[in-house]
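J.: sequence plus the predicted model coming up.
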Amino acid sequence: MKQAVIIGASGGLGGALARLLLNQEGWRVLGTHHQSEPLWQHPLMSWRTLDVRSEKEIAALMTLLPTIDLLINTTGILTSPHQGPEKSIRQFNAEHMMMSFETNTAPILNLAKHAQAALKASHRPIIIALSARVGSISDNDLGGWYSYRCAKAALNMAVKTLAIEWQRSLPTATLIAYHPGTVRTALSSPFLNSGSTRTTLSPEDAAEHCLLLLNTLTPANTGTFWDWRGQKIPW
Ligand SMILES: NC(=O)c1ccc[n+]([C@@H]2O[C@H](COP(=O)([O-])OP(=O)(O)OC[C@H]3O[C@@H](n4cnc5c(N)ncnc54)[C@H](OP(=O)(O)O)[C@@H]3O)[C@@H](O)[C@H]2O)c1
């Protein structure tokens, strides 16, 4: 049995990824939730509460598992209690930006710090950081969404930097940043325009695309940024 850890399994994409893994043979999953209560159970699924902004809670969670074969961090926010994504610089608020960094950026580094030993115990560990295409600087043709874009761009830098360190200290690992497409979840739904021609995915379809890519990854791909169509995204 291989061990997967899905941080944010109470979310749209995290939940679909957990269920898809459990429907395949050979996986047990530890999933985390924060403000939502888990709405489903499975004999090979265990749930833990986690506030991903707390290093102490991450460290405690990681003592539970001797081996981690797959670690997917799906946690992220686009809106905070008093603010949505900025359409203009007039809406910029540093407090909102810091909240975005706390949830979108720092967690992958604290997770890596405390999961390192369990990842080393795996034959070929895979770590996926849910990023977003809007975090690509070279792909930014539209502007807007300052805090979220900056937090995901910083996440991409964290992935690249960590991958360089792990090529020396954890060479069997494959660590990537991943854009899941526009997925119909609580995070994105308020911003989906019903008249738009943009392709949107169900969480189930998005999870399938993610696992399809995951099955093709090798350590040679570490430190790269991919989208749901299996194409590399420039940083
Ligand atoms: N949906 C899209 O179109 C889209 C596009 C590009 C990238 N992404 C990225 O994909 C990832 C998953 O997004 P989603 O659409 O599935 O969002 P979602 O349904 O809103 O799920 C977000 C998850 O993050 C968790 N979370 C938020 N703050 C947390 C905290 N402080 N501590 C612990 N967990 C926390 C939530 O837990 P609780 O609900 O239990 O609080 C939930 O499980 C995000 O990183 C997002 O940026 C999504």
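T.: Yes, it's here. Numbers count the residues shown, from 1 in each chain.
J.: so Ala173 sits against Trp166, correct?
T.: Yes - the criterion here is CB atoms under 8 Å, and Ala173 meets it with Trp166 at 5.0 Å. (Each C-beta comes from the backbone N, C-alpha and C, glycine too.)
J.: can you list the low-confidence ranges for the protein?
T.: Within the chain, no stretch has pLDDT under 70.
J.: go again using 80 as the cut-off
T.: 193-197 (pLDDT under 80).
J.: what segments of it are strands?
T.: In the chain, strands defined by DSSP state E lie at 2-7, 27-33, 45-49, 70-73, 126-130, 174-179, 224-227, listed in chain order.
J.: can you map out the helices along this structure?
T.: Under the criterion DSSP state H, the chain contains helices at 12-23, 55-62, 94-104, 106-120, 146-169, 203-214.
J.: which residues of the protein lie near the ligand?
T.: Counting by CB under 6 Å from any ligand atom, the residues of the chain close to the ligand are 8, 10-14, 33-36, 50-53, 74-77, 103, 130, 132, 179-180, 182-183, 185-188.
J.: show the buried residues in those.
T.: Those of the residues of the chain next to the ligand that meet the buried threshold are 8, 10-14, 33-34, 50, 52-53, 74-77, 103, 130, 132, 179-180, 182-183, 185, 187-188, by 16 or more other CB atoms under 10 Å.
J.: skip the chain neighbours and tell me the closest residue to Leu170.
T.: Spatial nearest neighbour of Leu170, chain neighbours left out: Lys120 (5.9 Å); criterion: CB to CB, 6 or more residues apart in numbering.
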